[in-house]
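S.K.: Got a predicted structure here, sequence first:
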Amino acid sequence: MRPMRTALYLPANRASAVAKARMADCDAVILHLEDAVAPEAKDQARSDAVAAVTEGGFGDRLLVIRINALDSAWGPDDCAALSDARPDAVLLPKISSAADIADARALLPVDLPIWAMLETCAAFLDLGAIARDGRQNGLAAFVLGTNDLALEMRCTLDTQRSALLPLLTQAVVAARAHGLIVLDGVFNDIADAEGLASQCAQGAELGFDGKTIIHPAQLAPANTAFGPTPAQIEQASAIIAAFSAAENAGKGVIRLDGKMVELLHLRQAEQTLAIHRAITARAG
């Protein structure tokens, strides 16, 4: 298991920001070629993204390139560029059906993992098929695009995202059913630390693996919210120790601190400690 608490978005043509991202306390860096890049800068941003991948230096952070939509003027060229530059994954915007994943797969290197943006209403009408069929075409993650989704729905996007809660839950359920990473959408107000903390806590409670981030100042609160808490680490250690005790050998259910604990709790505990060890190793 590896942590996926935070994925930092950066326009690929901002060289200084990309350089700083190599040392940022994030689990993934997403080099952006789409909305954050002006049309006249698209070709340069693509070249800069390829150069960043070639140069490397991102350590154990996943390096992802968010390309333009396949039906745009730049999407096919973005895909072609990834045949030479091999990031850890490609992020596809505006996914609306399982066919979109298949179309992308035909243009991309066969072994390049695909992450899919969920930012259209149509995607949520076909989410099960996107997850199921997408896995066969290398789909590895869902990334929520809450800004575009709210715009298309014409709903209010407040801090608690009341109008989007059913869809956020649906995304988590589909991801878990098909073994996908699932990342929450961005928080727009960089100056609102309290709002960010509240939304990160909500995302963690809903079951997201982590959150997409638009500014390095947002990383620490999000890392804390989506990382194991001291209490969770202590509990996980206790569960593993209890199942390891001689008197519990071969048991599927044991009693710990007055509560029934099953093998599924053991697997969850092992996952928690694996993520904690990975975070600690990076900090060290």
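M.R.: All right, it came through fine.

S.K.: Going by C-alpha atoms from here, please, whenever you check contacts or count neighbours.
M.R.: Fine.

S.K.: now V261, what's its secondary structure?
M.R.: strand (DSSP: H, G, I helix; E, B strand; the rest coil).

S.K.: and it, what does it touch?
M.R.: 239, 253-255 (C-alpha atoms under 8 Å, 6 or more residues apart in numbering).

S.K.: How is the chain divided into domains?
M.R.: The record assigns the chain these domain ranges, following automatic domain parsing: 6-226, 230-283.

S.K.: average pLDDT across the longest one?
M.R.: For domain 6-226, the mean pLDDT works out to 96.

S.K.: Of all residues in this protein, which one is nearest the centre?
M.R.: Against the mean C-alpha coordinate of the chain, by C-alpha atoms, centre = their mean, the closest residue is L183 at 3.5 Å.

S.K.: Doesn't that residue lie inside a helix?
M.R.: No: under the criterion used here (three-state DSSP), L183 is strand, not part of a helix.

S.K.: my read: it touches I213, true?
M.R.: No: here L183 does not reach I213: they are 10.1 Å apart, not a contact under C-alpha atoms under 8 Å.

S.K.: hang on, the earlier thing: can you tell me which of the domains of the chain is most buried?
M.R.: Highest mean neighbour count among these (mean count of other C-alpha atoms under 10 Å): domain 6-226, with a mean of 19.

S.K.: so how far is N223 from C26?
M.R.: 8 Å (C-alpha to C-alpha, to the nearest Å).

S.K.: Pull the residues that contact stretch 63-79.
M.R.: Applying C-alpha under 8 Å, 6+ apart, the external contacts of stretch 63-79 come out as 28-34, 42-43, 46, 49, 53, 87-94, 104, 107-108.

S.K.: Same check on stretch 13-23?
M.R.: Stretch 13-23 is contacted by residues 10, 12, 29, 31, 37, 41, 44-46, 48-49, 52, 57-59 when judged by C-alpha under 8 Å, 6+ apart.

S.K.: just stretch 124-131 next, same as before
M.R.: By C-alpha under 8 Å, 6+ apart, stretch 124-131 touches 96-99, 101, 118, 123, 139, 167, 170-171, 174-175, 178, 180.

S.K.: rerun at 6 Å
M.R.: For stretch 124-131, the surrounding residues in contact (C-alpha atoms under 6 Å, 6 or more residues apart in numbering) are 97-98.

S.K.: Please pull up the helix or strand immediately following the helix or strand hosting Q202.
M.R.: Assigned by DSSP states H and E, Q202 falls within helix 193-206. Once helix 193-206 ends, the next helix or strand along the chain (criterion: DSSP H and E) is strand 210-213.

S.K.: what lines up beside that next one in the sheet?
M.R.: Next to strand 210-213 in the sheet, as set by DSSP bridges, lie strand 6-11 (parallel), strand 181-184 (parallel).

S.K.: A278 is nearest to which of those?
M.R.: strand 6-11 (13.9 Å; C-alpha to C-alpha).

S.K.: Put the alpha carbons of the closest one into PDB.
M.R.: Presented in PDB, the C-alpha positions along strand 6-11 are these (Å, rounded to 0.1, in the frame of the first residue of the first chain):
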ATOM      1  CA  THR A   6      -2.700  14.500  -1.800                       C
ATOM      2  CA  ALA A   7      -2.300  15.100  -5.600                       C
ATOM      3  CA  LEU A   8      -1.000  18.600  -6.400                       C
ATOM      4  CA  TYR A   9      -2.100  20.200  -9.600                       C
ATOM      5  CA  LEU A  10       0.400  22.400 -11.500                       C
ATOM      6  CA  PRO A  11       0.300  24.000 -15.000                       C
END
